[in-house]
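**Student:** pasting the sequence and the predicted coordinates here, then a few questions.
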Amino acid sequence: MKKYLELKDLSAYRIAFDLSNYIWAIVIKWNYFAKDTVGRQLVRAVDSISANIAEGFGRYFKKDKINFYRYSYGSIEESIDWIEKAYKRGLLKEGEYRHISSELNKLPKEIHSLIKFTNSRLTK
C-alpha cells in the first residue's frame, strides 16, 4: 500500500506547530496588558508560520504551494521581531528566549528544503 505524504510528516510544519503551542503556553500566563499588546501579535505571527505551511500543503498547484511556503518566511521574521521585543521588555525568561530563537532559526532552512522538494516533485 502506497503511503502518501501527510502534513504532519513535514519537519517544517512540526517545528512551527510545536513552537506556536510552546509560545501560547508562555503568553497565556502574562498580564492583560502584555497579552493584549505584545502577546497577541506574537501568537498571531508564530501561528501563521505553521498555518501558511498547512495552507500551502493543501494547495494543488506547485506555484500556489510555494507561495504559501514563502509567506511563512515573512511570518518568521515578524516572529523574531516580537520575540526580541518580548525578551527586551522582560516578558520572556532567558531559557524561553533561547529555545524560541533556536527553533525560529531552524525554520528558514526547513522551509527552503520544503520548497526544493516541492519544485522537484511537482510538474505544474
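**Tutor:** That came in fine, so what should we check first?

**Student:** tell me, what residue is most central in the protein?
**Tutor:** Residue closest to the mean C-alpha point of the chain, counted by C-alpha atoms, centre = their mean, is Ile49 at 3.0 Å.

**Student:** was I right about that residue contacting Ile23?
**Tutor:** No. Counting by C-beta atoms under 8 Å, Ile49 does not reach Ile23; the two are 10.5 Å apart. (Each C-beta comes from the backbone N, C-alpha and C, glycine too.)

**Student:** what are the ranges of the helices in this structure?
**Tutor:** 11-27, 32-34, 40-58, 62-88, 94-121 (DSSP state H).

**Student:** which of these sits closest to Lys3?
**Tutor:** The closest of these to Lys3 is helix 94-121. By C-beta to C-beta, the value is 14.7 Å.

**Student:** same for the closest one, what does it pack against?
**Tutor:** When contacts are defined as 3 or more C-beta pairs under 8 Å, 6 or more residues apart in numbering; DSSP states H and E, helix 94-121 packs onto helix 11-27, helix 40-58, helix 62-88.

**Student:** in contact with the spatially closest residue to Tyr71 that is not a sequence neighbour, which residues are there?
**Tutor:** Once flanking residues are discounted, Tyr71 sits nearest to Asn52: 4.4 Å by C-beta to C-beta, 6 or more residues apart in numbering. Residues in contact with Asn52 (C-beta atoms under 8 Å, 6 or more residues apart in numbering) are 68-69, 71-72, 75.
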